[in-house]
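Novice: Give me a model of this one.
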Amino acid sequence: MIEKIKPNLVLTVGVATLLVGGGIAAYYGLVSRKFLEGVPLGANVVPQEAMVAVSLSTNSQQWDKLSQYGTVPSQAALQEILKGWQNRVFTDNGYNYQQDIQPWVGQEVMIASLPNPSLISANPRTPEVSTTLNQQAMVMVFPIANPTKAKELLSRPRTLQQGQTTQRSYRGVDIIETQGNPKQNYSISVLGQDFLVVTTDPNATERIIDTYRGSDSLAKTPGYAASLETIKTTNPFAQVYLNIPVATKIASYRSPNPIPDKNLEQVQQHQGLATNINLEAQGVGLKSVSWLKPNSQKKFTVENKAQEILARIPENTLIMVSGSNLKRVWEDYTHGANANPIAPLNPQVLSSSFKSATGMELEKDVLNWMGGEFSLSLVPANPNPRALERFVAGLVLMVKVSDRNAADKALTQLDEVMKNKKFKVSETKVKEQSAVQWVSPFGGFMVTRGWLEPDVAFITLGGAVADQIVPSPQAQITSNPLFQQTIPMGLNPNNGNFFINLERVFDPNIKTLSLPQLPPDQKLWIDAIQSIGLTTAIISDRTSRYDIFVKIKTPSTQLPPTATPKTEP
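Specialist: Model prediction:
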């Protein structure tokens, strides 16, 4: 039965009632309840169908450290974001986080997104379902570490500024709901003496209670606890979980081109992606793991052979990506892109465009012999005042081939194609080593191809950079201090790396790339980051790992103490 409470009634009295009354009653009934260890505490009551769940540390020292990252503008922007979130969740509802929440809350709080139940069902796309896409409920789970303190602090009088409250009961748990606030309505409940739960939707509250009573929780997701163990870190700032099947289904419904059911079924074989985020001395470290469902037909190929290619990449490289097997990378991307409505590159379009331009099959004639280590890098060209260079950087592809004869045949065929397109194709020498060069009929654009070893081919496009890799670079990227500080080294052997020197790539004073001017609200975040590094590895036929490090700049001057608002989660 729902009972309306007068608009001016103090909201917090109701919350305290939940703690004292229904909370204690539930506590005695569930005193023997045990929660799974090794997972965020809130994961025990968040439903398994949650699309995203983020567990945040409540340690004030961690939040203070976060506020010290970046440039002065990015710090100010971050503080405004945190302050706005704090106002919406706490201040606007009469609470002060430090005074009213922090003294009793546990070591972490969880924020989760629950999609509408009709979207999770196996029903086909319907107009009724489409109208509910944006009706995702936000859930906040506050573990109660000190019930006595929680009752004391939440009992202090506070008046709800707008709207009214109603009280009802569901499965023995009392629920208070705010109504009439144009900014946000909330549903609040206390589960035993374990959790204070706040949601933006009454139905979401009931789903949380169902989970607390025994329905499948996020903590019981197949592979979740075991996967978290593989990325376990000390005192993470945040732990993030993405439900890949649910997220893909929602993305498909939102896309103007929904994913075909056949391709959607492929993605459903994936289970989840989990990440631990740690605040380190020079930036933010992320340890991630993705895993397949236990009964999935899909399996990963365990192949971690991407170490040798790094020795061939020049020290001054701005962007690079490497991997163990280019052919397999393309095959995996093609299968994944078919079920990804936001894939940045359509493989079918690229394949058909390549065939239209060359008369050759991309997969059969080219990628088929690229079965070894590879790297794709952006390298600054050496300044040459006498050359009429239109490009100040060159793109470099190096790949270990699995079939030299097939490679020679395909490359020779490409030479003929370029001749027919009026390119000047000729033999050339790069540091006394034979190579083939294509020069566009309009000048400026140049392609150089050759061999570094009998089984290692190279192709450069754009600026003249071949002399920096033939026969080997004068200095390797592994000797670059920034690369060393950025690339995570924990996964060895590994399946590949990614590195970008953001500071140089986006520096307007270094004309390496002709990039468009970024909007101010994006530029301030880019300006705060120096570099990003990624290392990947295939751990088993159903588990893959990703370590990421974001190296963040430090401002030369901090915000004045009086202008720095206290950072709170």
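Novice: how close does T428 get to Q413?
Specialist: Computed as CB to CB, to the nearest Å, the T428 to Q413 distance reads 19 Å. (Each C-beta comes from the backbone N, C-alpha and C, glycine too.)
Novice: And T233, by the same measure?
Specialist: Counting by CB to CB, the gap between T233 and Q413 amounts to 51 Å.
Novice: again with G496
Specialist: The spacing between G496 and Q413, counted by CB to CB, is 29 Å.
Novice: do A219 as well
Specialist: Here A219 is placed at a distance of 56 Å from Q413 (CB to CB).
Novice: Which of the two has more residues huddled nearby?
Specialist: Regarding A219 and Q413, a neighbour count based on other CB atoms under 10 Å identifies A219 as having more, with 22 against 15.
Novice: Surely that one touches A50?
Specialist: No - in this structure A219 lies outside contact range of A50 using CB atoms under 8 Å: 11.0 Å.
Novice: secondary structure class for Q413?
Specialist: With DSSP: H, G, I helix; E, B strand; the rest coil as the basis, Q413 sits in helix.
Novice: ditto for the one 5 residues further on
Specialist: Going by three-state DSSP, the secondary structure assigned to M418 is helix.
Novice: Return the distance of it relative to T412.
Specialist: Going from M418 to T412 by CB to CB gives 11 Å.
Novice: Likewise for N185?
Specialist: Distance of N185 to T412, given as CB to CB: 69 Å.
Novice: Compare the two (neighbour count), which wins?
Specialist: Between N185 and T412, counted using other CB under 10 Å, the more crowded position is N185 (15 against 11).
Novice: and that one, that one's in a helix?
Specialist: No - using three-state DSSP, the assignment for N185 is coil, not a helix.
Novice: going forward can the numbers begin at 8, since that is how I track them
Specialist: Happy to do that; since the first residue is 8 now, the last one works out to N192.
Novice: what's near enough to touch it?
Specialist: G170, E184, T185, Q186, T207 (CB atoms under 8 Å, 6 or more residues apart in numbering).
Novice: from the chain's centre, how far out does the helix or strand hosting the third one sit?
Specialist: Going back to what we said before, that points to T185. Here T185 sits within strand 180-186, counting by DSSP states H and E. Here strand 180-186 shows a centroid-to-chain-centroid distance of 34 Å under the convention CA atoms, centre = their mean, to the nearest Å.
Novice: In that strand, which residues are buried?
Specialist: By 16 or more other CB atoms under 10 Å, the buried positions in strand 180-186 come out as V180, D181, I182, I183, E184, T185.
Novice: From those, which shows the smallest pLDDT?
Specialist: Lowest in pLDDT among these is T185, which has 81.
Novice: okay, and the common contacts of A226 and A57?
Specialist: Here A226 and A57 have no joint contacts, going by CB under 8 Å, 6+ apart.
Novice: Point out where the protein drops to low pLDDT.
Specialist: For the chain, the stretches with pLDDT under 70 are 8-41, 128-141, 163-170, 188-191, 348-349, 391-396, 517-520, 562-576.
Novice: Spatially nearest residue to L421, not counting backbone neighbours?
Specialist: In space, and not counting its chain neighbours, L421 is closest to T365: 6.6 Å by CB to CB, 6 or more residues apart in numbering.
Novice: Verify the stated contact: that neighbour with L418.
Specialist: No - using CB under 8 Å, T365 is not in contact with L418; the gap is 11.6 Å.
Novice: picking up where we left off before, from R411, how far out is the residue nearest to L421?
Specialist: In terms of CB to CB, T365 sits 20 Å off from R411.
Novice: Looking at those two, which is more packed in?
Specialist: Legend: neighbour count by other CB under 10 Å for T365 and R411, higher for T365 (19 against 13).
Novice: Please list all residues in contact with the more buried one.
Specialist: Q420, L421, V424 are the contacts of T365 under CB under 8 Å, 6+ apart.
Novice: swap in S447?
Specialist: Going by CB under 8 Å, 6+ apart, S447 touches F430, M453.
Novice: Give me the next element, helix or strand, following the lengthiest strand in the chain.
Specialist: The longest strand of the chain (DSSP state E) is strand 536-547. Using DSSP H and E, the helix or strand that follows strand 536-547 in sequence is strand 550-559.
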